[in-house]
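The sequence and its predicted three-dimensional model are supplied below.
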6 protein chains.
Amino acid sequence: MADGTELTHITADGSAHMVDVSGKATTKRVATAQAVVRTRPEVIGLLIAGDLPKGEPLAVARVAGILAAKQTSSLIPLCHPLPLSGVTVEFSTDESTIRIETSVSTTGVTGVEMEALTAASVAALTLYDMIKAVDRGATITDIEVLSKSGGASGEWTRA
Amino acid sequence: MADGTELTHITADGSAHMVDVSGKATTKRVATAQAVVRTRPEVIGLLIAGDLPKGEPLAVARVAGILAAKQTSSLIPLCHPLPLSGVTVEFSTDESTIRIETSVSTTGVTGVEMEALTAASVAALTLYDMIKAVDRGATITDIEVLSKSGGASGEWTRA
Amino acid sequence: MADGTELTHITADGSAHMVDVSGKATTKRVATAQAVVRTRPEVIGLLIAGDLPKGEPLAVARVAGILAAKQTSSLIPLCHPLPLSGVTVEFSTDESTIRIETSVSTTGVTGVEMEALTAASVAALTLYDMIKAVDRGATITDIEVLSKSGGASGEWTRA
Amino acid sequence: MADGTELTHITADGSAHMVDVSGKATTKRVATAQAVVRTRPEVIGLLIAGDLPKGEPLAVARVAGILAAKQTSSLIPLCHPLPLSGVTVEFSTDESTIRIETSVSTTGVTGVEMEALTAASVAALTLYDMIKAVDRGATITDIEVLSKSGGASGEWTRA
Amino acid sequence: MADGTELTHITADGSAHMVDVSGKATTKRVATAQAVVRTRPEVIGLLIAGDLPKGEPLAVARVAGILAAKQTSSLIPLCHPLPLSGVTVEFSTDESTIRIETSVSTTGVTGVEMEALTAASVAALTLYDMIKAVDRGATITDIEVLSKSGGASGEWTRA
Amino acid sequence: MADGTELTHITADGSAHMVDVSGKATTKRVATAQAVVRTRPEVIGLLIAGDLPKGEPLAVARVAGILAAKQTSSLIPLCHPLPLSGVTVEFSTDESTIRIETSVSTTGVTGVEMEALTAASVAALTLYDMIKAVDRGATITDIEVLSKSGGASGEWTRA
């Protein structure tokens, strides 16, 4: 799929609009995205013991991400409201990072990349909120779309 | 200020709660944060001409960030609602990045780091939404608190 | 219809997700639910005179219930957003109770039991809010689904 | 504390209003409330093993309750917005019930009974959402305020 | 009180911000506003009989206005969140108009003109929604602030 | 198209409901609406220079209008949620007025007049918010539907 060469959300006179997607086909669409929280190893240890979460912090972040996916079109001004048919938010950790991977699906007329990214971002912000008292300097990085399918532009996977 | 050694949002039995802040002092508090969008140079060119925005994309992202700051406690489950007294969202660009810097102030009982981070994140997501048709592979990175002041923990600036 | 034997919202590893309903059929679906507010007879008298409401308290509760039905997927984390096609909230009273009965319909891929229950619950909470100055001890009980139709599981009526 | 004899939210002509509380004192206020979900014993078994939750259903309900507490004034039309200073949502189970107990605190001009009730109700609805595939006939009952303190009306505990 | 000569929400470089009001005094503030719905006389007759509402349309519009007042800072991007202490929405009619008058009070650092205007506007839109099937050509006019008090700029009444 | 003779949102017994639209056809529907802000000529000069906006006030109002269109069914109690497929908000000025014209489209079962009116109203309120420090007496007028198409009632254009 080739990327375009103009900002579709901005009209010729420079003003923003919510693009009319009436003519687009209703198809099954899926997008996956990620976000990464970088912190100190001992903070990872506070969140998980071995492979097990210690209490509920990951569940809290997961719920926040799922709810945020459903709020995407209220947060991102030019984003179309979509009837989401599924949302997952998963976590994996290594020594000093927590990686969040989200998957969002819809049967609709626009893609769900923004929903997947929003879920990942809000889950990451929620983790930061829980660890900020122990590591205010933690950073959220690498928020990006991993793949998408469905719609006129077809399959796309991050190289 | 020394960081703590436990997750204050999680009780001894592992369950999450919204910490009682009744006893904390009402003081003026400010936090600044950033997010960075990495894209291709020609996409930066679509957003700005010289130092000037071309049309409204930066304004759209700015408004999204300001509104998101006010929604922080609805998005981040364990975050306290706060009467924000000011929010700014500023942009700077170099060859292949757009950097967003936010500042949030309140006169309240908890800090506003989460509000500053949420404003920066949602402004970045809004920029991605506008450029994704020309650069689906763009990445959002380096979301972090830059400084905070006010409250018992006093001043903090990222090293 | 036989009930299942597992929690469909929880995956094998114990984590929550918003179940993918992409494959489910879009059909007309209706659910009815109720909630009951128990209070003192004189409080019922403050709300109605004979069969007539005295002023607007029932209207306020009705509007609150209708609006809440539309917010269900923002309130209940694993609930799918649905395009509601109709909502009614009706009241009946006896000596010391106000019974709220709701009906919600959609043409969609999941049932609307949660929307009907949420409408009934929020209408009941709104009534409590209006009467709490005269009967703080009032109780909300018997929140339950009365019937549902549409979808793979077909008709169901509370025995 | 004696209960009143009129509906304070309704004016003499029968119309609803959000009562002016400008003259009320800002004090620390706490309210506790409960809701009870009645289901079948084997469903309780799906939610917990011994005293331990199996995966995340209780965490999901807890987060939903906390977020709902913060949305109370958007859901209940005549309820005043309040800066909540703390929210807890706890669960206890016996053979066929899950009892939810909530506690909400504020430093504000009105009580937080509605916030505590809303948190309990939405946590209960969220549990129902997760168990409805295995017990559609489950019921939510006994939603009531347990105690309140602070403000002109002082202490109140359910008899 | 003299009006200013610049747009305080726009900085010298033309960008929007939520103005920092940290330094402003917390005082009791009240604003009143109005909106007028112009329709046909027979439509007024559908809404009221003599001086009495026929069923609930005015109550529905009143509740919508009260709830909207509380959502003002989510709707108007540069508006500060405020703890509203009271909201009223009243109706009066003549042959072919329904006039809505709102009053909003707070103890806060900014005025509540926007909240009073938003309540009036949304109440008017809600009336239009209910009458549009009988008079699609109805118009909403004369949305304006009637008076304000409190804060540095003191009393103001529309001439 | 002939207007009706009853309030469809109010049942025979006078109570409000969200009308069941299950039986209505899913068609492409468009509505246009307007709102007008009346202010002083020098205030118009603060907003635009020649035909160009001075900084971001029009962009802020545009984004507010687009976001509000998507919130319509949360603001207007008896309005159905709809999957909006496009929203535009345009401005034109003469000596002492700013006219806002909105266009909203959907492929759905009800019209989008309320969405177009809500977008125009909130854009107008946002402009008022930005100019109120220089012209508190500014007025919002002439909020009305300009045209609609689609659905059983077909085309309608304001005479």
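Structure received.

Look through chain A and state the residue closest to chain E.
Nearest residue of chain A to chain E: A:S74, at 8.8 Å (C-beta to the nearest C-beta). Backbone N, C-alpha and C define where each C-beta goes, glycine included.

Find the nearest non-adjacent residue to that residue, please.
F:K70 (6.5 Å; C-beta to C-beta, 6 or more residues apart in numbering or on different chains).

In this structure the one you found contacts A:L82, no?
No - counting by C-beta atoms under 8 Å, no contact exists between F:K70 and A:L82, whose distance comes to 11.3 Å.

Quick check: neighbours shared by those two?
A:S73 (C-beta atoms under 8 Å, 6 or more residues apart in numbering or on different chains).

so what's the residue nearest to A:S74 up against?
Applying C-beta under 8 Å, 6+ apart to F:K70 gives the contacts A:73-74, A:81, F:84, F:87, F:115.

what ranges do the helices span in chain A?
Counting by DSSP state H, chain A has helices at residues A:41-47, A:57-70, A:72-75, A:113-131.

Just the CA atoms of the longest one, as PDB, please.
What follows is helix A:113-131 as a C-alpha-only set of coordinates in PDB (Å, rounded to 0.1, in the frame of the first residue of the first chain):
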ATOM      1  CA  GLU A 113      -5.700   2.300  14.100                       C
ATOM      2  CA  MET A 114      -6.600   5.300  16.300                       C
ATOM      3  CA  GLU A 115      -8.600   3.100  18.600                       C
ATOM      4  CA  ALA A 116      -5.700   0.700  19.000                       C
ATOM      5  CA  LEU A 117      -3.200   3.500  19.600                       C
ATOM      6  CA  THR A 118      -5.500   5.200  22.100                       C
ATOM      7  CA  ALA A 119      -6.000   2.000  24.000                       C
ATOM      8  CA  ALA A 120      -2.200   1.500  24.200                       C
ATOM      9  CA  SER A 121      -1.500   5.100  25.100                       C
ATOM     10  CA  VAL A 122      -4.100   5.200  27.900                       C
ATOM     11  CA  ALA A 123      -3.000   1.900  29.300                       C
ATOM     12  CA  ALA A 124       0.600   3.200  29.400                       C
ATOM     13  CA  LEU A 125      -0.500   6.400  31.100                       C
ATOM     14  CA  THR A 126      -2.400   4.400  33.700                       C
ATOM     15  CA  LEU A 127       0.700   2.300  34.400                       C
ATOM     16  CA  TYR A 128       2.700   5.500  34.800                       C
ATOM     17  CA  ASP A 129       0.100   6.900  37.200                       C
ATOM     18  CA  MET A 130       0.500   3.800  39.400                       C
ATOM     19  CA  ILE A 131       4.400   3.800  39.300                       C
END
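
That helix relative to helix B:57-75, how many degrees between them?
In terms of direction (axes from the mean of the first three to the mean of the last three C-alpha atoms, to 10 degrees), helix A:113-131 departs from helix B:57-75 by 50 degrees.

just the residues of chain A that are near chain F, which are they?
Counting by C-beta under 8 Å from any C-beta of the partner chain, chain A comes close to chain F at A:15-22, A:73-74, A:77-78, A:80-83, A:108-109.

which of these are buried?
Neighbour-count burial (16 or more other C-beta atoms under 10 Å in any protein chain shown) applied to these gives A:15-21, A:73-74, A:77-78, A:80-83, A:108-109.

Now for the residue nearest to the spatial centre of chain A: which residues touch it?
Geometric centre of chain A, nearest residue: A:L117, 2.1 Å, by C-alpha atoms, centre = their mean. Residues near A:L117 by C-beta under 8 Å, 6+ apart: A:33, A:102, A:143-145, B:125, B:128, B:140.

let's see it at 10 Å
The contact partners of A:L117, taken as C-beta atoms under 10 Å, 6 or more residues apart in numbering or on different chains, are A:31, A:33-35, A:68-69, A:72, A:76, A:102, A:104, A:143-145, B:121, B:124-125, B:128-129, B:132, B:140.

where does chain A come near chain E, residue by residue?
Neighbours of chain E within chain A, by C-beta under 10 Å from any C-beta of the partner chain: A:74, A:77.

State which one residue of chain A is found closest to chain D.
For chain A, C-beta to the nearest C-beta, closest residue to chain D: A:A59, 3.6 Å.

Pull the contacting residues for the residue nearest to that residue when sequence neighbours are not counted.
Distance criterion C-beta to C-beta, 6+ apart; nearest residue to A:A59, sequence neighbours excluded, is D:A59 at 3.6 Å. Residues in contact with D:A59 (C-beta under 10 Å, 6+ apart) are A:53, A:55-60, A:62-63, B:14-16, C:15-16, D:53, D:89, D:91.

Emit the ChimeraX select command for whichever of these are buried.
Entered in ChimeraX, the line below selects the buried ones among these, by 16+ other C-beta under 10 Å:
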select /A:53,55,56,57,58,59,60,62,63 /B:15,16 /C:15,16 /D:53,89,91
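
Sitting in strands, which of the residues of chain A next to chain F do you find?
A:G108 (DSSP state E).

just for chain A, where's the confidence low?
A:1-4, A:51-52 (pLDDT under 70).

What residues does it have near chain C?
Residues of chain A lying near chain C (C-beta under 10 Å from any C-beta): A:28-30, A:51-53, A:58-59, A:62-67, A:69-71, A:74, A:81-91, A:103-107, A:119.

ok, the residue of chain A found nearest chain F to chain B distance?
Ranked by C-beta to the nearest C-beta, the top residue of chain A for proximity to chain F is A:D20, at 3.1 Å. From A:D20 over to chain B the distance is 15 Å, taken as C-beta to the nearest C-beta, to the nearest Å.

For that residue, which non-adjacent residue is closest in space?
Per C-beta to C-beta, 6+ apart, closest to A:D20 is F:G86, 3.1 Å.

Next, count neighbours for that neighbour.
19 (other C-beta atoms under 10 Å in any protein chain shown).

so what's it bridging to?
With DSSP bridges as the criterion, F:G86 is bridged to F:S105.

so who does it touch?
A:17-22, A:80, F:30, F:66, F:69, F:103-106, F:112.

hmm, 8 Å instead?
Counting by C-beta under 8 Å, 6+ apart, F:G86 makes contact with A:17-22, F:103-105.

Redo the residues you listed as TSV? Include distance to B:R136.
TSV is the format used below for the contacts of F:G86 (distance: C-beta to C-beta, whole Å):
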residue	distance to B:R136
A:H17	21
A:M18	19
A:V19	16
A:D20	21
A:V21	17
A:S22	23
F:S103	28
F:V104	28
F:S105	26
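
on that earlier part again, could you report the separation of the residue of chain A closest to chain E from F:T72?
12 Å (C-beta to C-beta, to the nearest Å).

for A:L47, same thing?
As judged by C-beta to C-beta, A:L47 and F:T72 stand 41 Å apart.
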